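1. only geometry, no sequence info:
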């Protein structure tokens, strides 16, 4: 014989190092293309299960760090857009965000904190302009 050995081409989602006799699945949070000698980390804001050929974007209202296997829901009072690596606070302290809030896993801040009421796109403090929030229904 010529001494040549048969090489196995590793498919996307698997890899093999030099001299390896078989392909190994990428771990969750990683991915690979065809014929890879290593798996790559999923970018922040994307995730994968084991043996993945690509990473999936986290939905709005969730986030992930680098090499994550699952997206995490934003806490109440925070929000995120799709593919985020973190959640942002609804109430940043600026005039147009005071009183804004959200339920957990929100893509936007569409609730008002306790003691505030909805007025168009903003939340206004109860008691201002003579508005009594106790007589209003909860949003």
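-> Thanks, I have the structure now. Nothing here was measured: the structure is a model prediction, and the numbers come from that model.

2. what about the protein, any weak spots by pLDDT?
-> Applying pLDDT under 70 to the chain flags residues 1-6, 128-131, 135-139.

3. Can you show me the strands along it?
-> Secondary structure of the chain (DSSP state E): strands located at 14-15, 24-25, 30-31, 40-41, 46-47, 56-57, 62-63, 72-73, 78-79, 88-89, 100-101, 111-112, 116-119, 122-125.

4. Sheet partners, orientation included, of the second one?
-> Under the criterion DSSP bridges, strand 24-25 sits next to strand 14-15 (antiparallel) in its sheet.

5. Make a markdown table from the strands of the chain and add distance to residue 7 and mean neighbour count to it.
-> Every residue, glycine included, has its C-beta placed from N, CA and C. Formatted as a markdown table, these follow (distance: least, C-beta to C-beta, whole Å; neighbours: other C-beta atoms under 10 Å):
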| stretch | distance to residue 7 | mean neighbour count |
| --- | --- | --- |
| strand 14-15 | 13 | 22 |
| strand 24-25 | 15 | 15 |
| strand 30-31 | 22 | 24 |
| strand 40-41 | 22 | 16 |
| strand 46-47 | 31 | 22 |
| strand 56-57 | 31 | 16 |
| strand 62-63 | 40 | 23 |
| strand 72-73 | 40 | 16 |
| strand 78-79 | 49 | 22 |
| strand 88-89 | 49 | 14 |
| strand 100-101 | 58 | 23 |
| strand 111-112 | 58 | 22 |
| strand 116-119 | 64 | 17 |
| strand 122-125 | 64 | 18 |
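
6. dump the residue contacts of the residue sitting nearest the centre point of the chain.
-> By C-alpha atoms, centre = their mean, the chain has its centre lying nearest to residue 63, at 2.0 Å. Applying C-beta atoms under 8 Å, 6 or more residues apart in numbering to residue 63 gives the contacts 44-45, 71-72, 74, 80, 84-87.

7. Between those, which sits nearest residue 28?
-> Taking C-beta to C-beta as the measure, residue 28 lies nearest residue 71 of those, at 12.4 Å.

8. ok, the closest one - contacts?
-> 47, 58-59, 62-64.
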